[in-house]
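S.K.: No sequence on hand, only this structure:
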């Protein structure tokens, strides 16, 4: 009985490690091939959150030095690859949020930079590691299927490196930012917050910097009710060629750009179409005026909208509550 149990455990472990090694090699191979064959209309965005930078003064009293009163600066590092070369980018924020809403707020200025600097680019390929609280979750999948088209791009893929094997160029960018900031502090420059960090670094580094204000990170109600994506943790590639729709599969493939059917991709409509979203918004906005035009008894009626679902309410029926 013990030997049989040992054999079963060994076979299960062997299967997992073989799949893990295959995913590592396959993802690296596909991304390497993508980099080498980037057309003028394509860009690869390799990104990662660096460890927060602890803002400091050149000289600090004991209570500040050993206390927890240092402001934290969030660093989202990106290496942008195009047919023209590579561009290191870092967005700095005073918000410590790293959820999908924050991620796309960090990405917005980068996508605008791409549109302005490389107007010929229509297809984007994102590359990141796969933490479930940041990049690999259904909220980010839904935002991915919408934001791309909001910015004027035609198609995109999001590729995830295998677990514990996501190191790359963005880590080097984060290291340069922190080392430069530490050098400034040692040279008697005070960096008490993320805004001062950005202003001091922006004049001396070749890394392109953007500042993200915490007030710009907004949670949109549109993403509160999203279809679940089965097998999220196993996904290594997302593809969108249509608003609100994603294809996903266990590993990446670029043999025909984003239009290949290798490795049995699954398709899901994760968001409503723009017309449906517009119709729903119009109906919600028009309902009160329509009710008011019918009779005075309806002027206090409440229009049931998605944000009211799950809330407590008081109902009056035939003069009784």
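M.R.: Good, I have the coordinates. For clarity, every value in this text was computed on a predicted model and none was experimentally measured.
S.K.: Show me the helices in the protein, by range?
M.R.: Per DSSP state H, the chain carries helices over the ranges 2-36, 62-65, 100-117, 138-150, 169-186, 194-202, 274-294.
S.K.: Those: which one's closest to residue 43?
M.R.: Comparing the helices of the chain by their distance to residue 43 (Cβ to Cβ), the top pick is helix 100-117, with 5.9 Å. Placement of C-beta: from N, CA and C, glycine included.
S.K.: for that closest one, the distance to its chain's centre please.
M.R.: Centroid displacement of helix 100-117 relative to its chain, using Cα atoms, centre = their mean, to the nearest Å, is 10 Å.
S.K.: which residues are contacting it?
M.R.: Around helix 100-117, the neighbours that count as contacts under Cβ atoms under 8 Å, 6 or more residues apart in numbering are 43, 45, 47, 74, 76, 78, 80, 89, 91, 93, 95, 121, 124, 134-135, 137, 139-140, 143, 147, 151-153, 208, 210, 212, 216-220, 223.
S.K.: Equivalent analysis for stretch 189-206, please.
M.R.: Stretch 189-206 has contacts (Cβ under 8 Å, 6+ apart) with 53, 55-58, 71-74, 88, 92-94, 176-177, 180-181, 184-185, 207, 209, 211.
S.K.: Quick test: name the residue nearest the centre of this structure.
M.R.: The centre of the chain sits closest to residue 103, judged by Cα atoms, centre = their mean, with a distance of 4.0 Å.
S.K.: Quick one, grab the pLDDT at that one.
M.R.: At residue 103, the model reports a pLDDT of 97.
S.K.: give me the low-pLDDT residue ranges for the protein?
M.R.: Where the chain drops to pLDDT under 70, the residues are 1, 60-68, 273-313, 315-321.
S.K.: Give me the domain ranges for it.
M.R.: 8-271, 273-321 (automatic domain parsing).
S.K.: right, so those: which one is the most enclosed?
M.R.: Among the domains of the chain, domain 8-271 has the highest mean neighbour count (mean count of other Cβ atoms under 10 Å), at a mean of 17.
S.K.: Grab the nearest non-local neighbour of residue 55.
M.R.: The shortest distance from residue 55 to any non-neighbouring residue, by Cβ to Cβ, 6 or more residues apart in numbering, is to residue 71 (4.4 Å).
S.K.: Please name the residues that touch the one you found.
M.R.: By Cβ under 8 Å, 6+ apart, residue 71 lies in contact with 54, 55, 94, 192, 193, 194.
S.K.: Go ahead and confirm the third one touches residue 213.
M.R.: Yes: with contacts counted by Cβ atoms under 8 Å, residue 94 reaches residue 213, the gap being 7.0 Å.
S.K.: so the lengthiest strand in the chain versus helix 169-186, what angle?
M.R.: As assigned by DSSP state E, the longest strand anywhere in the chain is strand 42-54. Relative orientation of strand 42-54 versus helix 169-186 (axes from the mean of the first three to the mean of the last three Cα atoms, to 10 degrees): 40 degrees.
S.K.: list the helices and strands strand 42-54 packs on?
M.R.: Judged by 3 or more Cβ pairs under 8 Å, 6 or more residues apart in numbering; DSSP states H and E, the packing partners of strand 42-54 are helix 2-36, strand 72-82, helix 100-117, strand 123-128, helix 169-186.
S.K.: returning to what we had before: with distance to residue 129 as added columns, please give the helices of the chain in a markdown table.
M.R.: Putting the helices of the chain into a markdown table (distance: least, Cβ to Cβ, whole Å) gives the following:
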| stretch | distance to residue 129 |
| --- | --- |
| helix 2-36 | 11 |
| helix 62-65 | 33 |
| helix 100-117 | 12 |
| helix 138-150 | 13 |
| helix 169-186 | 10 |
| helix 194-202 | 23 |
| helix 274-294 | 31 |
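S.K.: closest one to residue 263 among those?
M.R.: Minimum separation from residue 263 across the helices of the chain (Cβ to Cβ) falls at helix 2-36, 9.5 Å.
S.K.: Which other helices and strands does that closest one contact?
M.R.: By 3+ Cβ pairs under 8 Å, 6+ apart, helix 2-36 packs against strand 42-54, strand 155-160.
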